[in-house]
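>>> could you work out the structure for the sequence below:
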Amino acid sequence: MATLLFTPRTTIDANIFQFRLDNSPFNAEWNIRTGAYEFNEKPDLIDELEEIITNSLAFDIDGRFELEN
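Residues are numbered from 1 along each chain as shown. Prediction:
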């Protein structure tokens, strides 16, 4: 499994992202130490997951994606 991290830039960005995440079929854990949402997925599906999340949840949210193996 690989972990895709999404780190919102501000608290407002995080609140909007959390609201959309709660109303979506996706599951992510909030890591309070890193300030990032963690999406666990198979390594070969990470790029597709990032694109889907960008288009459906984070389209107007200031944040960044990172891959953690």
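
>>> from here on, just use CA atoms for contacts and neighbour counts.
Noted.

>>> in three-state terms, label D60 for me.
Following DSSP: H, G, I helix; E, B strand; the rest coil, D60 is assigned to coil.

>>> what about it, distance to D13?
For D60, the distance to D13 under the criterion Cα to Cα, to the nearest Å works out to 9 Å.

>>> also Y37?
Looking at Y37 against D13, where the rule is Cα to Cα, the gap reads 12 Å.

>>> the more surrounded of those two?
Y37 (22 against 16; other Cα atoms under 10 Å).

>>> would you list the phi and psi of that one?
Backbone geometry at Y37, expressed as degrees, to the nearest 10, gives phi -90, psi 140.

>>> which residues does it form a beta bridge with?
Using DSSP bridges, the bridge partners assigned to Y37 are F6, W30.

>>> equivalent analysis for E66, please.
L5.

>>> what's the separation between it and A36?
When distances are taken as Cα to Cα, E66 and A36 turn out to be 10 Å apart.

>>> the residue sitting furthest away from the middle of the chain and N27: what is the separation?
In terms of distance from the mean C-alpha position of the chain, D44 ranks first, at 16.8 Å (Cα atoms, centre = their mean). In this structure, D44 lies at 18 Å from N27, with Cα to Cα as the measure.

>>> over to R9?
If you measure R9 against N27 using Cα to Cα, the figure is 20 Å.

>>> of the two, who's got more company?
More neighbours sit around R9 than around the other of R9 and N27, counting by other Cα under 10 Å; the figures are 14 against 11.

>>> skipping adjacent residues, who's closest to the more buried one in space?
In space, and not counting its chain neighbours, R9 is closest to G63: 5.0 Å by Cα to Cα, 6 or more residues apart in numbering.

>>> ok, how many other residues are close to that neighbour?
The criterion is other Cα under 10 Å. On that basis, G63 has 16 neighbouring residues.

>>> residues in contact with it?
6-9, 13 (Cα atoms under 8 Å, 6 or more residues apart in numbering).

>>> and the contacts of stretch 40-55?
Here stretch 40-55 makes contact (Cα under 8 Å, 6+ apart) with 1-4, 28, 65.
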